[in-house]
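# Sequence first, predicted model second:
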Amino acid sequence: GAVVSQHPSWVICKSGTSVKIECRSLDFQATTMFWYRQFPKQSLMLMATSNEGSKATYEQGVEKDKFLINHASLTLSTLTVTSAHPEDSSFYICSAGAEINNEQFFGPGTRLTVL
Amino acid sequence: DAKTTQPPSMDCAEGRAANLPCNHSTISGNEYVYWYRQIHSQGPQYIIHGLKNNETNEMASLIITEDRKSSTLILPHATLRDTAVYYCIANNAGNMLTFGGGTRLMVKP
């Protein structure tokens, strides 16, 4: 299947730091990518839909000024957690759709720990 | 997306078939049934999807009832590495996926 990568895999930062997470589709182009967040022992929650060349669409309750999304190319979307606080500590996962076969492929996730 | 209902947990003996049920009684005609699984601290892994017909691939089989109101994911010979949370999702192709609680499958030796 298609491969989606995320970088970094794990980041620990101080409160107030901004953290950028990259999501790349390695062997296919993705017009749309999705960003999810998962707290311990909970299911994935969609944060936003990232569209190449246009503004992201955020789910209700997700602050767009705090979680900046940029989808600069068909293979790269970035999520920047601005001024991170301990409550932002979570597992952030991206996904990209392979339109040919209607499958959606997930990245391995990025674990963010804010001290 | 149509709401799906899955049992919160299931056990299965290693080497036996694991049959994971999912109810999606409000599924619409153009929504697919997708199955993903998530092993601890990893991103979800695609397993299989289908619209009306039963599907089979190298990982699993998907049985969809004729009225499409429920489906069953079958892992024919479960191994310890199949221990994971399995998510059933009814979704229009290409749209965002909405995850429910899933079924925590524990494969035991």
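Nice, thanks for sending it over. Owing to the predicted nature of the structure, the values given are computational and were not obtained by experimental measurement. Numbers count the residues shown, from 1 in each chain, chains lettered A, B, ... in the order given.
# Tell me which residues touch the residue lying closest to residue A:113 once chain neighbours are set aside, please.
Among residues not flanking residue A:113 along the chain, residue A:12 sits closest, at 4.6 Å (C-beta to C-beta, 6 or more residues apart in numbering or on different chains). Where you see a C-beta, it was placed from the backbone N, CA and C, and this is true even at glycine. By C-beta atoms under 8 Å, 6 or more residues apart in numbering or on different chains, residue A:12 lies in contact with A:113, A:114, A:115.
# What is the helix or strand where the first one lies packed up against?
Same thing as residue A:113. Here residue A:113, judged by DSSP states H and E, is contained in strand A:110-114. Using 3 or more C-beta pairs under 8 Å, 6 or more residues apart in numbering or on different chains; DSSP states H and E, the elements in contact with strand A:110-114 are strand A:10-13, strand A:19-25, strand A:90-98.
# repeat that with 10 Å
Counting contacts by 3 or more C-beta pairs under 10 Å, 6 or more residues apart in numbering or on different chains; DSSP states H and E, strand A:110-114 is packed against strand A:10-13, strand A:19-25, strand A:76-81, strand A:90-98.
# Dump those to JSON lines, plus mean pLDDT.
Shown next, in JSON lines, are the helices and strands packed on strand A:110-114 (pLDDT from 0 to 100):
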{"stretch": "strand A:10-13", "mean pLDDT": "92"}
{"stretch": "strand A:19-25", "mean pLDDT": "95"}
{"stretch": "strand A:76-81", "mean pLDDT": "96"}
{"stretch": "strand A:90-98", "mean pLDDT": "90"}
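# Tell me which of those strands is the most buried.
Stretch with highest mean neighbour count among the helices and strands packed on strand A:110-114: strand A:90-98 (a mean of 24; mean count of other C-beta atoms under 10 Å in any protein chain shown).
# who does that one pair up with?
Strand pairing for strand A:90-98, determined by DSSP bridges: strand A:32-38 (antiparallel), strand A:103-106 (antiparallel), strand A:110-114 (antiparallel).
# Pick out the shakiest of these, pLDDT-wise.
Among the strands paired with strand A:90-98, strand A:103-106 carries the lowest mean pLDDT, a mean of 84.
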